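Engineer: what follows is a predicted structure for the sequence shown.
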Amino acid sequence: MPRLLSGFLRHRTGAAGLFITLFVLAAVFIGPSLLPFGPEDMDFMATLAPPSLSHWFGTDSFGRDVLARVLAGGQVSIFISAASVILATSVGCTMGIVAGYHGGWADASLMRIVDLLFAFPAFILAMLLMVLFGFSTLNIVLALALVYLPIFARISRNTTMLIREEPFVQASRLMGRRPLAIMFTQILPNITAPIMVQASVALAFAIILEAGLSFIGLGVQPPTPSLGGIMADGREYFGRAPWVLTLSGSAIAFALLGINLLGDGIRDMTDPRLKERI
């Protein structure tokens, strides 16, 4: 592990992504306790105040500190996005490994479910699920997980089909090991690299998708702050207070930059062909 970490830190893109991601996580989860304002504290004497030493991101139409709301909304967004990606990875990889290892009717039936989910554009599918099931946090997690589940199922299925004929898998079969043990002790550890890379990409897009749902009113509902909700509010008075929309959007872009750079580093460190060039 120390050797892997030192090699990762020597990778400029990965190291930059790691530091940005850690900075964002520290700001989101530690920052609110250091601010003198809460996300719901109102000051009607300082409505739409521009950025200053007192309010680094300015205030909104209710006099609420925009930075405090962005950090609080970031906590909600990271929780929802991470939970949805973890759920999609767990279920999707299980489906993909079972389909790729057994083939036949298992592969055909499971992949038809995946094809059905792939038939809908991601944002449209998420909107449909939110309208059908409601706007609770749990439903948002389930909706985003269903959006990304087919991607992980396809990746794990295709890589499993490549590995299942390898000598070490054949040896496990000849030794009489059960298929379930082979799938999760022999195959799964050997397909984690592409899954980790895809998980970092899915996490970034899940943050965008969650913010988009909240922006149009189908995500996290008030009074809980959300990144998309903050940007939607800022759109209403963009001409008078552009900092609400621009700074909250910039915060999202900065977080996504870190996650994407981190994903690039993970890809380069786990791909032997690219690792040799580092």
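Structural biologist: Noted; the coordinates are in hand. As the structure is a computational prediction, the values presented were derived from the model and not from experiment.
Engineer: which strands and helices sit next to the helix or strand hosting A253?
Structural biologist: Secondary structure assigned from DSSP states H and E places A253 in helix 242-270. Under the contact criterion of 3 or more CB pairs under 8 Å, 6 or more residues apart in numbering; DSSP states H and E, the helices and strands touching helix 242-270 comprise helix 2-10, helix 12-34, helix 66-102, helix 192-215, helix 227-236, helix 272-275. For the C-beta atoms, the positions are set from N, CA and C on the backbone; glycine is no exception.
Engineer: and L132, which of these is closest to it?
Structural biologist: The closest approach between L132 and any of those, judged by CB to CB, belongs to helix 192-215 at 13.4 Å.
Engineer: so can I have a markdown table of the helices and strands packed on helix 242-270 showing distance to V169?
Structural biologist: Rendered in a markdown table, the data for the helices and strands packed on helix 242-270 read as follows (distance: least, CB to CB, whole Å):
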| stretch | distance to V169 |
| --- | --- |
| helix 2-10 | 25 |
| helix 12-34 | 31 |
| helix 66-102 | 9 |
| helix 192-215 | 16 |
| helix 227-236 | 44 |
| helix 272-275 | 19 |
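Engineer: which stretch among those helices comes nearest I182?
Structural biologist: Evaluated over these, closeness to I182 peaks at helix 66-102, with 7.4 Å, by CB to CB.
Engineer: in the following helix or strand past that closest one, which residues are buried?
Structural biologist: Proceeding N to C from helix 66-102, the next assigned helix or strand is helix 104-118, under DSSP H and E. Of the residues in helix 104-118, those buried by neighbour count under the rule 16 or more other CB atoms under 10 Å are 107, 110-111, 114, 117.
Engineer: could you dump the residues you listed into JSON lines with distance to G265 and pLDDT added?
Structural biologist: Supplementary listing: these in JSON lines, determined by distance: CB to CB, whole Å; pLDDT from 0 to 100:
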{"residue": "D107", "distance to G265": "33", "pLDDT": "86"}
{"residue": "L110", "distance to G265": "32", "pLDDT": "89"}
{"residue": "M111", "distance to G265": "31", "pLDDT": "89"}
{"residue": "V114", "distance to G265": "29", "pLDDT": "88"}
{"residue": "L117", "distance to G265": "29", "pLDDT": "84"}
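Engineer: F152: which of those is nearest?
Structural biologist: Closest approach to F152 among the buried residues of helix 104-118 (CB to CB): V114, at 9.6 Å.
Engineer: I figured the closest one hits V91, correct?
Structural biologist: No - with the criterion set as CB atoms under 8 Å, V114 and V91 do not qualify as a contacting pair; they are 11.1 Å apart.
Engineer: which residues do these two both contact?
Structural biologist: Listed as contacting both V114 and V91 by CB atoms under 8 Å, 6 or more residues apart in numbering are L149.
Engineer: tell me if I'm right that A251 and G74 touch.
Structural biologist: Yes - taking CB under 8 Å as the definition, A251 is a contact partner of G74 at 7.3 Å.
Engineer: tell me, what's touching the two both at once?
Structural biologist: Overlap of the contact sets of A251 and G74 (by CB under 8 Å, 6+ apart) consists of L227.
Engineer: ok, now how distant is R10 from L257?
Structural biologist: Separation of R10 from L257 (CB to CB, to the nearest Å): 20 Å.
Engineer: which one of these two has more residues nearby?
Structural biologist: L257 (16 against 11; other CB atoms under 10 Å).
Engineer: excluding chain neighbours, give the residue nearest to that one in space.
Structural biologist: Beyond its immediate neighbours in the sequence, the residue positioned closest to L257 (CB to CB, 6 or more residues apart in numbering) is I20, lying 6.3 Å away.
Engineer: give the contact list for the one you found.
Structural biologist: Applying CB under 8 Å, 6+ apart to I20 gives the contacts 254-255, 257-258, 261-262.
Engineer: what does L25 give?
Structural biologist: When the contact criterion is CB under 8 Å, 6+ apart, the partners of L25 are I78.
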